[in-house]
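Asker: generate a structure from the sequence data that follows.
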Amino acid sequence: MEIGQQVKVFRLRDRVSNGVVSKLGKVGTVREFKMTDGSGVGAVVEFEDKTSTWFFEDELKVVE
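Answerer: Presented below is the predicted three-dimensional model:
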């Protein structure tokens, strides 16, 4: 996964807000990477509606 790639949110690992749940199945663009709780890296994804949020890497799949 790289900055600028298109990704699809295919699962959510934790309980999250309804705003984040609404992104399930949506495609967005990776804008940056972020350290999570010290055990991994997450990706900040921006969507068509200009909202963005971060996801664990295993919650995303690269769109070919």
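
Asker: CA atoms for contacts and neighbours, from now on please.
Answerer: OK.

Asker: in three-state terms, label the residue nearest to residue 6 when sequence neighbours are not counted for me.
Answerer: Setting aside the residues directly before and after it, residue 6 is nearest to residue 29 in space (C-alpha to C-alpha, 6 or more residues apart in numbering), at 4.6 Å. Look at residue 29: counting by DSSP: H, G, I helix; E, B strand; the rest coil, its state is strand.

Asker: ok, now residue 14?
Answerer: Classification of residue 14 by three-state DSSP places it in coil.

Asker: and it, how far from residue 23?
Answerer: 14 Å (C-alpha to C-alpha, to the nearest Å).

Asker: neighbour count: the two, which is higher?
Answerer: Using other C-alpha atoms under 10 Å as the criterion, residue 14 and residue 23 rank with residue 23 on top: 19 against 7.

Asker: wait, doesn't the more buried one sit right on residue 11?
Answerer: No. Counting by C-alpha atoms under 8 Å, residue 23 stays clear of residue 11, with 9.7 Å between them.

Asker: quick check: bridge partners of the residue most central in space within the chain?
Answerer: Centroid-nearest residue in the chain, with C-alpha atoms, centre = their mean: residue 55, separated by 3.8 Å. Note on residue 55: beta-bridge partners residue 43, judged by DSSP bridges.

Asker: pretty sure it is touching residue 40, no?
Answerer: No. Applying C-alpha under 8 Å as the test, residue 55 and residue 40 come out as separate, 11.0 Å apart.

Asker: report the buried residues of the lowest-mean-pLDDT helix or strand in the chain.
Answerer: Ranked by mean pLDDT, DSSP states H and E, the weakest helix or strand in the chain is helix 18-21, scoring a mean of 85. When burial is assessed from 16 or more other C-alpha atoms under 10 Å, helix 18-21 yields no buried residues.

Asker: off-centre distance for stretch 35-50?
Answerer: Stretch 35-50 sits 5 Å away from the centroid of its parent chain (C-alpha atoms, centre = their mean, to the nearest Å).

Asker: for the closest residue to residue 64 other than its chain neighbours, what are its contacts?
Answerer: Closest residue to residue 64 apart from its sequence neighbours, by C-alpha to C-alpha, 6+ apart: residue 6 at 8.0 Å. By C-alpha atoms under 8 Å, 6 or more residues apart in numbering, the residues touching residue 6 are 27-30, 62-64.
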